[in-house]
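Asks: Sequence plus predicted model, see below.
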Amino acid sequence: MVAGELKINEIFFSIQGESTWAGMACIFVRLSGCPLRCKYCDTSYAFNEGSVLSLDQVIEAVATHDATLVEITGGEPLIQPSVHPLMEQLCDRGYTVLLETSGERDIEVCDRRVIKIVDIKTPCSGAADSFLESNFKALLPHDELKFVITNKEDFDWAVEVVTDNALHEKVKAIHLSPVMRQERNTHIDGCEQLDPETLAGWILESSLPFRLQFQLHKFIWSPTLRGV
């Protein structure tokens with residue numbers, strides 16, 4: 001690829017299923033490629049599949065949908081440098097732009113208008129050492145954090161990360177999500193299966209402003225259906 005091009009896995013119009021923007025109509029731009037291999041990944045099809053498009057082609061595809069909320073996701077979208085001019089141009093056109101990222105790449109370079117949804121990987125993901133710690137300082141008050149929790153180890157680890165870095169004082173919201181039911185039917189390399197009510201109990205006991213979060217789109221449509 002050359003400058004001004006992106007490898008795109010899919011562009012689709014759906015209901016936002018996560019974050020404080022859940023329930024809103026949203027245009028999703030899913031970029032191809034990811035350096036991580038999380039054990040419970042539900043978008044592994046985005047690792048390699050995709051077509052190369054120019055920035056103009058991506059923006060034209062976004063403009064065909066009647067919504068002003070856009071999420072840039074992956075994969076890990078920040079591995080493609082041209083994602084930055086894409087986000088800037090979308091912001092310039094009046095879109096509210098969400099970026100879903102693992103925090104494995106530098107978020108300081110993102111346009112400050114972009115709302116970053118940072119999915120910090122927990123121990124049972126198999127990628128807990130992937131987060132770039134300098135990104136803690138790059139978080140803005142409108143940004144949000146997400147931790148996918150599979151067991152008490154993950155939960156306690158998330159509590160430690162949040163309290164040690166005072167993250168609850170820096171961002172708009174911190175979401176804790178149990179691995180979805182259809183994914184918990186499969187054993188995840190020694191990680192315990194976690195029921196949502198158990199996670200809810202831990203949140204209530206923590207005295208931290210966590211939000212229990214489910215992937216709304218997986219309750220509306222089939223969990224294995226793409227483009228939703």
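Replies: Okay, I see it. These figures come from a predicted structure and were not determined experimentally.
Asks: Do you have the strands of this protein handy? List them.
Replies: Secondary structure of the chain by DSSP state E: the strands cover 5-15, 25-31, 51-54, 69-73, 96-101, 115-119, 144-149, 173-178, 210-212.
Asks: any idea how far Gly94 is from Glu5?
Replies: Separation of Gly94 from Glu5 (C-beta to C-beta, to the nearest Å): 24 Å. To be clear about C-beta, it is placed using only N, CA and C from the backbone, and glycine gets the same treatment.
Asks: Pick out whichever of those two has more residues nearby.
Replies: Glu5 (15 against 7; other C-beta atoms under 10 Å).
Asks: Show me what the more buried one is bridged to.
Replies: Counting by DSSP bridges, Glu5 is bridged to Ser54.
Asks: In contact with it, which residues?
Replies: For Glu5, the contact set (C-beta atoms under 8 Å, 6 or more residues apart in numbering) comprises Val52, Leu53, Ser54, Leu55, Ser82.
Asks: Show me the shaky parts of this structure.
Replies: 1, 180-193, 222, 224-225, 227-228 (pLDDT under 70).
Asks: Have a look at the chain and report its longest helix.
Replies: Counting residues, the longest helix in the chain under DSSP state H turns out to be helix 152-164.
Asks: which secondary structure elements does it contact?
Replies: Where contact means 3 or more C-beta pairs under 8 Å, 6 or more residues apart in numbering; DSSP states H and E, helix 152-164 is packed against strand 144-149, strand 173-178, helix 196-206.
Asks: Packing partners of the first one?
Replies: Put plainly, it is strand 144-149. For strand 144-149, the elements it packs on are strand 115-119, helix 152-164, strand 173-178, judged by 3+ C-beta pairs under 8 Å, 6+ apart.
Asks: mind redoing it with 6 Å?
Replies: If contacts are counted by 3 or more C-beta pairs under 6 Å, 6 or more residues apart in numbering; DSSP states H and E, strand 144-149 sits against strand 115-119, strand 173-178.
Asks: can I get the helices and strands packed on helix 152-164 in JSON lines with distance to Thr73 and mean neighbour count?
Replies: Shown next, in JSON lines, are those (distance: least, C-beta to C-beta, whole Å; neighbours: other C-beta atoms under 10 Å):
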{"stretch": "strand 144-149", "distance to Thr73": "12", "mean neighbour count": "24"}
{"stretch": "strand 173-178", "distance to Thr73": "15", "mean neighbour count": "21"}
{"stretch": "helix 196-206", "distance to Thr73": "23", "mean neighbour count": "14"}
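Asks: May I see those organised as TSV, with distance to Ile15 added?
Replies: Listed next are the helices and strands packed on helix 152-164 as TSV, based on distance: least, C-beta to C-beta, whole Å:
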stretch	distance to Ile15
strand 144-149	17
strand 173-178	16
helix 196-206	20
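Asks: among these, which is nearest Asn48?
Replies: Closest of the helices and strands packed on helix 152-164 to Asn48 is strand 144-149, at 22.6 Å (criterion: C-beta to C-beta).
Asks: Give me the contacts around the closest one.
Replies: With C-beta atoms under 6 Å, 6 or more residues apart in numbering as the test, strand 144-149 has contacts from 19, 117-120, 122, 155, 158, 171-178, 199.
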